[in-house]
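**Student:** A predicted structure for the sequence below; I have some questions about it.
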Amino acid sequence: MKIKTIKQIKNLAGKTVLVRVDFNVPVKSGKVVENFRIKKSLPTIEYLLQKQAKIILVSHLGRPKDKEKELSLKPIAKELEKLLDKKINFVELKKYKNVNADITLLENIRYYQGEENNEGTLAKDLSVLADIFVMDGFAVAHRGSASVSGIAKYLPAYAGLLVAEEIKCLLQATEKPSKPLVLILGGIKCETKIPVLKKLLPQANQILIGGGIVNTYLWSKGYAVGQSVVDKDFKKEILKICANKKVILPVDLVVGDYAGKNYQVLKVDKNFKVKKDQAILSIGPQTVQMYSQYIKKASTLILNGALGYFEQPPYHYATFAISRLFANRSKGKAFGVAGGGETVQVLKDLKVDAQVDLLSTGGGAMLEFLSGKKLPGIEILRI
Ligand code: 3PG
């Protein structure tokens, strides 16, 4: 896949560049509580500043229905000012004037009708503000929104440094990856994981499974799974996928209550049975050992999704152990890419995030990319 990047733009001095970023970050009581995605956009912003371009940043926050105040980007403008040590001109799109500011951040673009479905004139209205469009919000690249892909109808479009890096690393991990390729797939939702499983099964040497897919598999096989989260719609598909020898399933599981009090380790054998008031809440210690053997032999590792309800001890052990091992093997023995909100959070909390080759900003976008789907925000960048 060849894409146009900002490095290919010859003369940026004096040009106005509209940059679609993804500043959809957690905000509480008017303060940014986690700035990972904002930080990941800084290289592109700094590059454009250095080339003396004028920058207009566009992002969404949450899914507003009626211009809810708590979804304003004002706290994000403040955070960005701190990170860049620079004044940010924060305005609503309709009030934007060609002022003499180096960086403008527009108010939540989802406050405007036509953004999410790219209807009406929003894409065009945005395009008249700038000379060039730069797509740097990898995490929103799977949305065909006005400010993500619609605007490329009116302006020349280029990838920012973040999007270029994400694409490069994800392709390295999936197109002719260095073998063995081991995929570690957890998390509770099956819907977004199944297409990834299907797409990567041919290339992968092993796919190590945890979370909702395991629950649904055991339920589909007729085992009692108590309160475990199960996705009944995917019974047939999961049975088919899990019959593949490359799909490695847990040999033991931690079951218990959500408060982390009444728990035990259960072997997965013909007597496996979860009590009515318990749920499957993590892969077990023997499974961690078994999965570790595969991870230690891998040359390429992809990690997405937690392997248990890690927010509640003691269900965190397996997720933490596998995440640490994954990070230790990355940037050296293996090429390691990780993505998804929880996965990134765990790696950060364990302070091993810097050891990973790619810490993707994308959750849904990363999974869709790995599934081989065409992402609107990336299609517009192709040469
Ligand atoms: C995300 O957090 O996954 C992106 O910002 C996209 O948000 P959305 O799912 O509301 O489109």
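**Tutor:** Yep, that arrived. Residues are numbered from 1 along each chain as shown.
**Student:** Show me the shaky parts of the stretch 51-200 of the chain.
**Tutor:** Nowhere does the stretch 51-200 of the chain drop to pLDDT under 70.
**Student:** Which single residue of the chain ends up nearest the ligand?
**Tutor:** Closest to the ligand within the chain is residue 24: 3.4 Å, counting by CB to the nearest ligand atom. C-beta coordinates here come from the backbone N, C-alpha and C atoms, glycine included.
**Student:** what about that residue, which SS state?
**Tutor:** coil (DSSP: H, G, I helix; E, B strand; the rest coil).
**Student:** Could you tell me how many residues sit around the residue nearest to it when sequence neighbours are not counted?
**Tutor:** Leaving aside its chain neighbours, residue 24 sits nearest to residue 61 (5.5 Å; criterion: CB to CB, 6 or more residues apart in numbering). Residues lying near residue 61 (other CB atoms under 10 Å) number 24.
**Student:** try residue 173
**Tutor:** As a measure of burial, residue 173 has 24 neighbours, counting by other CB under 10 Å.
**Student:** how about the helix or strand containing it against the ligand, any contact?
**Tutor:** Assigned by DSSP states H and E, residue 173 belongs to helix 161-174. No: Helix 161-174 is not in contact with the ligand by CB under 6 Å from any ligand atom; minimum separation 13.2 Å.
**Student:** Which secondary structure elements does that helix sit against?
**Tutor:** Secondary-structure packing of helix 161-174 (3 or more CB pairs under 8 Å, 6 or more residues apart in numbering; DSSP states H and E): helix 36-50, strand 300-304, strand 335-339, strand 358-359, helix 364-370, helix 376-379.
**Student:** Including mean pLDDT and distance to the ligand, could those go into a markdown table?
**Tutor:** Shown next, in a markdown table, are the helices and strands packed on helix 161-174 (pLDDT from 0 to 100; distance: least, CB to the nearest ligand atom, whole Å):
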| stretch | mean pLDDT | distance to the ligand |
| --- | --- | --- |
| helix 36-50 | 97 | 8 |
| strand 300-304 | 98 | 13 |
| strand 335-339 | 97 | 10 |
| strand 358-359 | 98 | 15 |
| helix 364-370 | 96 | 5 |
| helix 376-379 | 98 | 11 |
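**Student:** can you redo those as a markdown table with distance to residue 206?
**Tutor:** Shown next, in a markdown table, are the helices and strands packed on helix 161-174 (distance: least, CB to CB, whole Å):
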| stretch | distance to residue 206 |
| --- | --- |
| helix 36-50 | 29 |
| strand 300-304 | 11 |
| strand 335-339 | 15 |
| strand 358-359 | 20 |
| helix 364-370 | 16 |
| helix 376-379 | 28 |
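**Student:** Tabulate these (a markdown table), appending mean neighbour count.
**Tutor:** Rendered in a markdown table, the data for the helices and strands packed on helix 161-174 read as follows (neighbours: other CB atoms under 10 Å):
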| stretch | mean neighbour count |
| --- | --- |
| helix 36-50 | 19 |
| strand 300-304 | 27 |
| strand 335-339 | 26 |
| strand 358-359 | 21 |
| helix 364-370 | 24 |
| helix 376-379 | 21 |
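**Student:** Residue 349: which of the ones you listed is closest?
**Tutor:** helix 36-50 (11.9 Å; CB to CB).
**Student:** Near the ligand, which residues of the stretch 51-200 of the chain are found?
**Tutor:** Near the ligand, when you scan the stretch 51-200 of the chain using CB under 6 Å from any ligand atom, you find 63, 139-140, 143.
**Student:** The residue nearest to residue 24 reaches residue 21, doesn't it?
**Tutor:** No: at 11.1 Å, residue 61 does not count as touching residue 21 under the criterion of CB atoms under 8 Å.
**Student:** what sits against residue 328?
**Tutor:** Residues near residue 328 by CB atoms under 8 Å, 6 or more residues apart in numbering: 352, 355.
**Student:** what about 10 Å?
**Tutor:** 295-296, 334, 336, 352, 355 (CB atoms under 10 Å, 6 or more residues apart in numbering).
**Student:** burial of the closest residue to residue 130 other than its chain neighbours, as a residue count?
**Tutor:** Take residue 130 and drop its neighbours on the chain: the residue closest to it by CB to CB, 6+ apart is residue 18, 3.7 Å away. Each residue near residue 18 was counted by other CB under 10 Å, and the total is 25.
**Student:** Who is residue 18 paired with across the strands?
**Tutor:** Taking DSSP bridges as the rule, residue 18 bridges to residue 56, residue 133.
**Student:** Please name the residues that touch it.
**Tutor:** By CB under 10 Å, 6+ apart, the contact list for residue 18 reads 54-58, 104, 106, 126-135, 147, 151, 155, 157.
**Student:** quick one: which of the residues of the stretch 51-200 of the chain next to the ligand is nearest residue 340?
**Tutor:** residue 139 (10.5 Å).
**Student:** Report whether that closest one is found in a strand, as I expect.
**Tutor:** No: assessed with three-state DSSP, residue 139 is helix; it does not lie in a strand.
**Student:** Number of residues surrounding it?
**Tutor:** Counted with other CB under 10 Å, residue 139 comes out at 27.
**Student:** For ChimeraX, write the selection for the buried entries among the contacts of residue 328.
**Tutor:** Typed into ChimeraX, the line below selects the buried ones among the contacts of residue 328, using 16 or more other CB atoms under 10 Å:
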select :295,334,336,352,355
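**Student:** nearest to residue 114, of the contacts of residue 328?
**Tutor:** residue 336 (39.4 Å).
**Student:** Phi, psi for the closest residue to that closest one other than its chain neighbours please.
**Tutor:** Among residues not flanking residue 336 along the chain, residue 330 sits closest, at 2.8 Å (CB to CB, 6+ apart). Residue 330 has phi and psi values of phi -70, psi 170 when expressed as degrees, to the nearest 10.
**Student:** Do I have it right that residue 330 meets residue 299?
**Tutor:** No: contact between residue 330 and residue 299 fails when scored by CB atoms under 10 Å: they sit 11.0 Å apart.
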